[in-house]
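> What follows is a predicted structure for the sequence shown.
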Amino acid sequence: MTDFDATCRFSSLGPQDVGISQFADPRLVGIGGIIKCIPSDFVVQEVSKQKIVSAHGDPENSADNTVKAHRSDEAGYLQFTLHKTMIDTFEVISELSTALDISFSSFSVFGLKDSFAITTQEIAVYGVSEDELKEVNQFDKFVISNIREARAPQRPGQHYGNKFTIVVRDITADHDHARLAITSIEQNGFINYLGMQRFGKGSSETELMGRLLLMQDYIVAVDTLLKPPNTDERHVKGLRAWYLAWEAWSHARDATTARNIMPKSKRQECDILDHLVFFGKKGLPLQEVCRKTVLSIPLQKRMLMVHAYFGKIWNVMASERLRMYGNDPVVGDLVYDDDVEDSTDVNDIESSDTEMDEFSWTWNSRNKIKVLSAEDIESKRYTRFDLILPFPAGDAAYPNNEMSNLYRMYLSYDLGVSQIHFIERSWHGSQLFLRPVYRHLFSKPEDLTWNILSIPCHEGSHEDARLRPIHHDPVLGEMASKAAPLASFTDMEALRVLELKFTLKSGQYATMMLRELIKNRRGTCLSCAETHAADDNYQCKNGKKKRKHIRFDSDED
C-alpha cells in the first residue's frame, strides 16, 4: 500500500523507528490518499503572535519585533520574508550567508519549514544592509521581500504557528466518511508527535547524531555525517564518487583524498572534510580532530540534532503512555498548573531559546507543573488536551506512574545515564545547561475548512492532469513545477482530491494530523504474521497485544 507521505522515500527512517505508532482514534477508518505528490500540494505560511499570516511581497506583514519609526539600542537587525520551494530553511541560510559573506549564526528564525513544499516565513539577520540583501536576491528556489528593520533576533517557537493549505490526492473515502473523519480530528484531535521531517532526510539520521553528540562519540559522529546512503546503491550514477570518498576516509582515515574525490554538490560532506584536513595538519589525535570538526558545525544545527534525539524519546514515551493508559488522564499524569501565573505553553522543542551567548531551552519550572491526583481525575476537570510529557533534560518533572520508570530505563539503556543535565562544555566556552521542556500529548487544528474535488484523467495527454497543481504560485510556481511528481496513478479513473485549510500552533506537525486522518500505513503483526491496517492498531485477530515499542534485554517475550 502506498505511503501517505510521498516524500517519505527521501528518509532512511520509518515512523516506527522514531516512536510513531499509535492513533488518537484507532477504530476510525482513514480516508486514504497521498500528500506531497508535488510541492504545491503543501503550502505553509508562518503566523505571527498577532496572527498576521506571512506572505511574499505583502508590506502589511510585520511581526512584533519590527520597527517602523526608530531603532532601539540593539541595532543592526533586519527582518525579511522568505518565500521558497525545493530547499529547506538551513540550506537557504547557508546560501545567503555565503552570498553575503557573513556567518551562519547571523541569521535567526522562528522555525524550520519543509523543503518539498511552498513555504513563507520570517527571517532576521544581523550586520547587513537592506541594499546588500536586495543585491543578492537572485536565487532560483527562493526570493526575499518585505525587508525592514527589527529590534532583535527571532527565537524558535516565538510565533503563533503556521497556516496550511494542503492537497490530499487519491482519497478513497466518500463525502460522508470524509466528514466523519475530519469531525473526529476537530473534536478528538491527534497525537502531537514530532513529525518525520524533524529526523532528517536522505541517509542523514539527525536523531542518531544527537545521541552521538550527547555521548561525545565524535569519531562515529563524523563517520555518520560522511557515510553515503545504502551501500547496495553504489552503482547509481552520481553516488560512485561519494562512495569512493567514503572508502578513503573510513578505511584509511585519509581526509585529503576523500575531499578531492567528494562531489562538490555534497556541501555538508565537503565542509566536514575541509575541517578534517585542516585540523589533521595540526598533528592532533584522531579523536581530537573529529571533536573539533564536529564543533565547527553551527550551534543551531548541532542543537537541532540534540532536539531530534529528545524528540524521538518523547515520541516513544507518548506511544507507550497511550498504549498503557489510553487517551484519558490517569493518576500521576502531568498537566500545567493553571493556578500559577505565566505558565508558558511549550508545544515543541522548537520553542527553545537558541540564544547564542547562553543557550537554554524555554523553561518551565517545576512549580508550574501539576501531578494529577485521584481527586483531579474524579472531578473530570482535565482532558486529554491538558496532558503533557517532558523532554528528558535538566531537572524535568516526570509523571508519577510507570512512565517515570520507563523514561529512566530508556536513558539508562540508550545513553548509560538516568537523566541529562549537561552537554559538551566547549560548544560555546561554557557549560550548556539543558532546562526542562514539556509538550502536550494531544493537539487539534484551528479554523479547519475542507472541500473534495474530482480531477478527470484526459486520455491521450502527455501529462497526467491528475498531477497538475490545484494552486499555482505566481512567484515560485514555475520552479515548483520542475520537481518530478513523487506519485503516479496507473488507472484511468478520475482522481478524488481533498483540499484542507487549517492552522496549527507553533511546533505542531501537519503531517502528524494528516497521518491520523489518512491512515494508509500497514504493517506486519509479529503475533499472527498478517498485515494489519492502521485502524487495527491495538490487537491482532488472535487477540494478542501489539509488540511494545521498548524492549530491553531483560524483557521476556
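On my side now, so go ahead.
> Can you give me the buried ones in the longest helix seen in the chain?
The single longest helix within the chain, with elements called by DSSP state H, is helix 299-325. Within helix 299-325, the residues that count as buried by 16 or more other Cβ atoms under 10 Å are 299-300, 302-323, 325. Yep, even glycine has a C-beta here, placed from its N, CA and C like the rest.
> Next: stretch 504-512.
Quick answer for stretch 504-512 (16+ other Cβ under 10 Å): 504, 505, 506, 507, 508, 509, 510, 511, 512.
> How about residues contacting that stretch?
The contact list for stretch 504-512, computed with Cβ atoms under 8 Å, 6 or more residues apart in numbering, reads 5, 20, 35, 42, 44, 110-111, 157-162, 164, 166, 190-198, 346-351, 439, 443, 445-446, 502, 513.
> Going by neighbour count, which residues in stretch 89-102 are buried?
Across stretch 89-102, burial judged by 16+ other Cβ under 10 Å covers 89, 90, 91, 92, 93, 94, 95, 96, 97, 100, 102.
> Now intersect the contacts of stretch 504-512 with the helices, please.
Applying DSSP H to those, the entries found in helices are residue 513.
> Residue 472 versus residue 293, what's the distance?
According to Cβ to Cβ, to the nearest Å, residue 293 stands 44 Å off from residue 472.
> Between those two, which has more neighbouring residues?
Neighbours per residue, other Cβ atoms under 10 Å: of residue 293 and residue 472, the larger number sits with residue 293, 25 against 12.
> how would you label the residue lying closest to that one once chain neighbours are set aside: helix, strand or coil?
Nearest residue to residue 293 in three dimensions, chain neighbours excluded: residue 275, at 4.2 Å (Cβ to Cβ, 6 or more residues apart in numbering). With DSSP: H, G, I helix; E, B strand; the rest coil as the basis, residue 275 sits in helix.
> picking that back up, so of the buried residues of stretch 89-102, which ones are in helices?
Per DSSP H, the buried residues of stretch 89-102 map to helices at 89, 90, 91, 92, 93, 94, 95, 96, 97, 100.
> Need the residues you listed in JSON lines (columns: pLDDT and distance to residue 390).
Shown next, in JSON lines, are those (pLDDT from 0 to 100; distance: Cβ to Cβ, whole Å):
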{"residue": "89", "pLDDT": "93", "distance to residue 390": "27"}
{"residue": "90", "pLDDT": "89", "distance to residue 390": "27"}
{"residue": "91", "pLDDT": "91", "distance to residue 390": "32"}
{"residue": "92", "pLDDT": "95", "distance to residue 390": "32"}
{"residue": "93", "pLDDT": "94", "distance to residue 390": "30"}
{"residue": "94", "pLDDT": "91", "distance to residue 390": "33"}
{"residue": "95", "pLDDT": "93", "distance to residue 390": "36"}
{"residue": "96", "pLDDT": "96", "distance to residue 390": "35"}
{"residue": "97", "pLDDT": "94", "distance to residue 390": "34"}
{"residue": "100", "pLDDT": "95", "distance to residue 390": "39"}
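> re earlier: just the buried ones from the contacts of stretch 504-512?
5, 20, 35, 42, 44, 110-111, 157-162, 164, 166, 190-198, 346-351, 439, 443, 445, 502, 513.
> quick one, what contacts the most centrally placed residue in the chain?
Central residue of the chain (Cα atoms, centre = their mean): residue 198, 2.5 Å from the mean position. Residue 198 sits next to 18, 206, 307, 308, 311, 509 when contact means Cβ under 8 Å, 6+ apart.
> In contact with residue 399: list those residues for me.
By Cβ under 8 Å, 6+ apart, the residues touching residue 399 are 321, 332, 333, 334, 371, 389.
> Recalculate using a threshold of 7 Å.
Residue 399 makes contact with 332, 333, 334, according to Cβ atoms under 7 Å, 6 or more residues apart in numbering.
> Tell me how far it lies from residue 335.
Distance from residue 399 to residue 335, by Cβ to Cβ: 10 Å.
> chain center to whichever helix or strand comes after the longest helix of the chain, what's the gap?
Counting by DSSP states H and E, the next helix or strand C-terminal to helix 299-325 is strand 334-336. Its chain's C-alpha centre and that of strand 334-336 lie 24 Å apart, by Cα atoms, centre = their mean, to the nearest Å.
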